[in-house]
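Undergrad: I'd like to go over a predicted model; first the sequence, then the structure.
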Amino acid sequence: MTAVSRSAGDFPSLRSPLATPPAETPGHGLLAGRKAVVTAAAGTGIGFSTARRILLEGGDVLISDWHERRLGEARDKLAEEFPDRTVAQLTCNVQDTAEVDDLIAGAATELGRIDVLVNNAGLGGETPVAQMTDEEWDRVVDITLTGTFRATRAALRYFGSVEHGGVIVNNASVLGWRAQRGQAHYAAAKAGVMALTRCAAIEAADVGVRINAVAPSIAKHPFLAKVTSDELLDELASKEAYGRAAEVWEVAATIAMLASDYTTYLTGEVVSISSQRA
């Protein structure tokens, strides 16, 4: 009898048991007493989930975003869920150096100090290189890469002026490694975030600061569905090892781990939150 090769898709029972998202892991006090700043934290994405995770792990947080109304709604939602924690807000456009500098200075005042900065601000889009305008390229790179640089620079100046150290966690993307049509600007910016993380980490050690990054593959949430087709999202998710996208809390939990004392000897690294498919 000739053997017939079949894929896991032919046998639903052979699908990964990890295809069903788990319940959110409860907090374990990883960031108890820490004061954190999270950029681009309004809405439903990784930034908001990270701010929530910091609170869940016992920290206090200041969230920022350029959209004042959504930022206020996010702050109110977090404050309602965590009434015993400090939840502050400051509007900030990461394309403006003065606003970024004011964010770090204002956060230090609002929270009393800063222990953690999470650089989450980023902008994507889908445009082939041949049709891409200078304006599209510049906007994506300026928000995603240069915005991360501006905040990192301001935070390192702050940490250099105080007696305590801190942690910076950048949100990169597996597109810093992978190739995908229509994503040249975003992929180039995220690869830049990875390089910035590595180089800045060497310098940051001088002032007691660790800098690492996460590189999610795909974390499906309502805002992402507004800028990417459901068909593409489903296709990308199906290629992951579990056959699904990450839950935003799964990305946020990894960010919290990198911000905690569980990773005190880790710096300049990019942690892939994916199946690492090329």
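TA: Ah, there it is. Residues are numbered from 1 along each chain as shown.
Undergrad: drop to CA atoms for contacts and neighbour counts, all remaining ones
TA: OK.
Undergrad: so what's the residue count around residue 163?
TA: 8 (other C-alpha atoms under 10 Å).
Undergrad: where do the strands sit along the protein?
TA: 35-38, 60-65, 87-91, 116-119, 166-171, 209-216, 270-273 (DSSP state E).
Undergrad: all helices for the stretch 101-250 of the chain, in order.
TA: Secondary structure of the stretch 101-250 of the chain by DSSP state H, counting those that start in this stretch: the helices cover 134-141, 147-159, 184-204, 222-227, 230-238, 248-259.
Undergrad: which one of the strands of the chain lies closest to residue 110?
TA: Closest to residue 110 of these is strand 87-91 (C-alpha to C-alpha; 7.1 Å).
Undergrad: okay, now the sheet partners of that closest one, with direction.
TA: Within its sheet, and counting by DSSP bridges, strand 87-91 is paired with strand 60-65 (parallel).
Undergrad: tell me the gap between the partner strand and the middle of its chain.
TA: 14 Å (C-alpha atoms, centre = their mean, to the nearest Å).
Undergrad: average model confidence for that strand?
TA: Averaged across strand 60-65, pLDDT comes to 98.
Undergrad: still on that earlier bit, next, format the strands of the chain as a markdown table and append distance to residue 194 and mean neighbour count.
TA: What follows is the strands of the chain, written out as a markdown table (distance: least, C-alpha to C-alpha, whole Å; neighbours: other C-alpha atoms under 10 Å):
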| stretch | distance to residue 194 | mean neighbour count |
| --- | --- | --- |
| strand 35-38 | 18 | 26 |
| strand 60-65 | 22 | 28 |
| strand 87-91 | 26 | 22 |
| strand 116-119 | 12 | 27 |
| strand 166-171 | 8 | 26 |
| strand 209-216 | 7 | 26 |
| strand 270-273 | 7 | 19 |
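Undergrad: which stretches of the stretch 151-278 of the chain have low pLDDT?
TA: Counting by pLDDT under 70, the stretch 151-278 of the chain shows low-confidence ranges at 220-229, 233, 275-278.
Undergrad: 50 instead?
TA: 278 (pLDDT under 50).
Undergrad: can you say which of the strands of the chain is nearest to residue 50?
TA: Per C-alpha to C-alpha, nearest to residue 50 of the strands of the chain: strand 35-38, 7.5 Å.
Undergrad: for the closest one, name the packing helices and strands.
TA: helix 46-56, strand 60-65, strand 116-119 (3 or more C-alpha pairs under 8 Å, 6 or more residues apart in numbering; DSSP states H and E).
Undergrad: partners of that strand, with directions?
TA: Here, using DSSP bridges, strand 35-38 pairs with strand 60-65 (parallel), strand 116-119 (parallel).
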